[in-house]
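Chemist: predicted coordinates and the sequence they were generated for:
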Amino acid sequence: MDGFSPNITAVITGATSGIGFALTKHLVKTGVYVIGVGRSDQKNLLAKERILAEIPKGAVDYLNADLAHPQSIRMLAKDVEKHLAGEGFSHLDILVNNAGVYLEHKKKTADGIEKTFAVNYLAQFRLTYFLRSLLAKSHHGKMISVSSFAHYNTPMNLNRIADPRPYIGLLAYKRSKLCSVLFVRELRKKALGFTAYAVDPGLVNTSIGSKSGPGISGLVWTLYRKNGMSPETSAKDLLHIITADDLHISDGVYFKERKAIQPSKNALDNVLAERLWDLSCELTGLEWR
């Protein structure tokens, strides 16, 4: 895929700050029409203004969605289709499931699902489902799931993943990132007309851990993040995966620093991947056909 084509379209969640914002800006610079997703109208407007101030002729829109709420995700998908059609597009080339949370203390969504699992994983399961037809209409559709090295050495009990007891913030985050790799592997098996990749952006200096709520995690992350790369540097690695013409599915499912690497042992567990898929369909009420 030629990443500099003016006919390329993209949707990026978590696009008002950090990696998501940096990636949105990079893609807009190349001439891609980008729809960024955030959950604050004010932040969405500010992000769009910042990009257009630097790239006046850039093609970018922002949509509001709360990824913790299933109905909001459904409406987001409909809004994406409307915006694409309004710009003359009937396809989607790139979907980057980037949005994520880290929560020190346990919170649940309105439908009773632990929020880290819901936002970091189930939201991308839902959004990919609703946008799958648009991705399949692209000649080179790609779904990028932003995962993490945190998925290594992570146990998984699917019987409790939607409502873990006891709740440990770090473990919930690690499990959600393991789910993203398992999800990508199952998507590959389904052969839905687009390619899926899990990408580890590395340690990035963002505020995700600082937003976890009162507790030790925020303090630790404030120190830890200082050793991380800039969101702009990480975004360029993601951009490489998105635009690479010579990237083939046989190269692997999990990428870091522009190279395919071996994911964790649990991420390669076919039975676990299938069970997670079935559970996800049950929790969301969605059937992939």
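Modeler: Right, received. Where do you want to start?
Chemist: thought residue 193 was touching residue 187, still the case?
Modeler: No - taking contacts as CB atoms under 8 Å, residue 187 lies outside contact range of residue 193: 10.7 Å. Any C-beta I mention is one placed from the backbone N, CA and C, and that applies to glycine too.
Chemist: more neighbours: these two, which one.
Modeler: A count of neighbours by other CB atoms under 10 Å puts residue 187 above the other of residue 187 and residue 193, at 24 against 13.
Chemist: what about the nearest residue to the more buried one once chain neighbours are set aside, neighbour count?
Modeler: In space, residue 187 comes closest to residue 196 once its chain neighbours are excluded; the distance is 4.1 Å by CB to CB, 6 or more residues apart in numbering. The tally of other residues near residue 196 (other CB under 10 Å) stands at 24.
Chemist: contacts for the helix or strand containing residue 196 next, please.
Modeler: Per DSSP states H and E: residue 196 is located in strand 195-200. By CB atoms under 8 Å, 6 or more residues apart in numbering, the residues outside strand 195-200 that reach it are 128, 140-149, 180-181, 183-184, 187-188, 237-238, 241, 247, 249, 253-256, 261, 263.
Chemist: now list the buried members of those.
Modeler: Neighbour counting with 16 or more other CB atoms under 10 Å marks 128, 140-149, 180-181, 183-184, 187, 237-238, 241, 247, 253-256, 263 as buried within the contacts of strand 195-200.
Chemist: which parts of the stretch 51-200 of the chain are strands?
Modeler: Using DSSP state E, counting those that start in this stretch, the strands of the stretch 51-200 of the chain run over 60-64, 94-97, 142-146, 195-200.
Chemist: what angle do the helix or strand containing residue 242 and strand 195-200 make?
Modeler: Per DSSP H and E: residue 242 is located in helix 231-243. Interaxial angle, helix 231-243 versus strand 195-200 (axes from the mean of the first three to the mean of the last three CA atoms, to 10 degrees): 160 degrees.
Chemist: picking up where we left off before, can you give the distance of the strand holding residue 196 from its chain's centre?
Modeler: Averaging C-alpha positions (CA atoms, centre = their mean, to the nearest Å) puts strand 195-200 9 Å from its chain's average.
Chemist: which among the strands of the stretch 51-200 of the chain is found nearest to residue 85?
Modeler: Closest approach to residue 85 among the strands of the stretch 51-200 of the chain (CB to CB): strand 60-64, 12.4 Å.
Chemist: strand partners of the closest one, parallel vs antiparallel please.
Modeler: Strand pairing for strand 60-64, using DSSP bridges, gives strand 33-38 (parallel).
Chemist: mean confidence (pLDDT) on the partner strand, please.
Modeler: Strand 33-38 shows a mean pLDDT of 98.
Chemist: residues touching residue 62, list them.
Modeler: Residues in contact with residue 62 (CB under 8 Å, 6+ apart) are 15, 16, 35, 36, 37, 38, 44, 45, 47, 48.
Chemist: mind listing what the fourth one touches?
Modeler: Going back to what we said before, that points to residue 36. 12, 15-16, 20-21, 24, 44, 47-48, 60-63.
Chemist: which strand residues bridge it?
Modeler: Beta-bridge partners for residue 36, by DSSP bridges, are residue 12, residue 62.
Chemist: the contacts of strand 195-200 in helices, which ones?
Modeler: Under the assignment DSSP state H, the contacts of strand 195-200 contribute 128, 180, 181, 183, 184, 187, 188, 237, 238, 241 to helices.
Chemist: quick one: distance of stretch 63-70 to the chain centre.
Modeler: 13 Å.
Chemist: stretch 74-91 now?
Modeler: Remark: stretch 74-91 is offset 18 Å from the chain centroid, using CA atoms, centre = their mean.
Chemist: buried stuff in it?
Modeler: Buried residues in stretch 74-91, counting neighbours by 16+ other CB under 10 Å, are found at 75, 76, 77, 79, 80, 81, 83, 84, 89, 91.
Chemist: which residues touch that stretch?
Modeler: The contact list for stretch 74-91 (CB under 8 Å, 6+ apart) reads 7, 9, 11, 33, 35, 37, 59, 61, 63, 65, 92, 126-127, 130-131, 134-135, 137-138, 141.
Chemist: what residue is smack in the middle of this structure?
Modeler: Per CA atoms, centre = their mean, the C-alpha nearest to the average position across the chain is that of residue 97, at 1.8 Å.
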